[in-house]
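Quick one, fold the following:
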Amino acid sequence: MCQIFSHQNPERYACTTRRLRLNGQSTSIRLENSFWAILDAIAESERVTTPAFISTLHSEVLQARGEPSNFTSLLRCTALLYIENQPVTSKNIAAE
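As a prediction, this is how the structure comes out:
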């Protein structure tokens, strides 16, 4: 039953740290590669770089709600929300 999950490529859940600027402050964000891939896709769809997308998102969250208590969790949920709002296709289902 869980083979699709248990047999996935370990590179998908390996973590990568990226350095970027949020509101002029240098910071590091550590996420699983699968989440980075989705954030990269979101940025590409918006025709901006991933750091620019993340910085804009951070600024908008600050303006709407104040400093988020866990920005990396917000990024993971952003990625999930993006996926949830995509049309279901066989490519989405078969993605590695």
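
switch to C-alpha atoms for all contacts and neighbour counts from now on
OK.

ok, S6 to H58 distance?
For S6, the distance to H58 equals 33 Å [CA to CA, to the nearest Å].

Next: T27.
Taking CA to CA as the measure, T27 falls 12 Å from H58.

What segments of the protein are strands?
In the chain, the strands defined using DSSP state E lie at 15-22, 25-32.

Please, where are all the helices along the chain?
Applying DSSP state H to the chain gives helices spanning 3-6, 33-45, 50-65, 71-84, 90-94.

Relative to R12, which of those helices is closest?
When these are ranked by distance to R12, counting by CA to CA, first place goes to helix 33-45 at 5.1 Å.

Tell me which of S6 and H58 has more neighbours.
A side-by-side neighbour count of S6 and H58, using other CA atoms under 10 Å, places H58 first with 20 against 9.

Quick check: that one touching L22?
Yes. Applying CA atoms under 8 Å as the test, H58 and L22 come out as touching, 6.9 Å apart.

I'd like to check which residues are in contact with L31.
For L31, the set of contacting residues under the criterion of CA atoms under 8 Å, 6 or more residues apart in numbering consists of C15, T16, T17, T72.

Tell me the buried residues within the residues you listed.
Among these, not one is classed as buried by 16 or more other CA atoms under 10 Å.

Let's have these in a markdown table, adding pLDDT and distance to L31.
As requested, these are arranged in a markdown table below (pLDDT from 0 to 100; distance: CA to CA, whole Å):
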| residue | pLDDT | distance to L31 |
| --- | --- | --- |
| C15 | 96 | 5 |
| T16 | 97 | 6 |
| T17 | 97 | 7 |
| T72 | 96 | 7 |
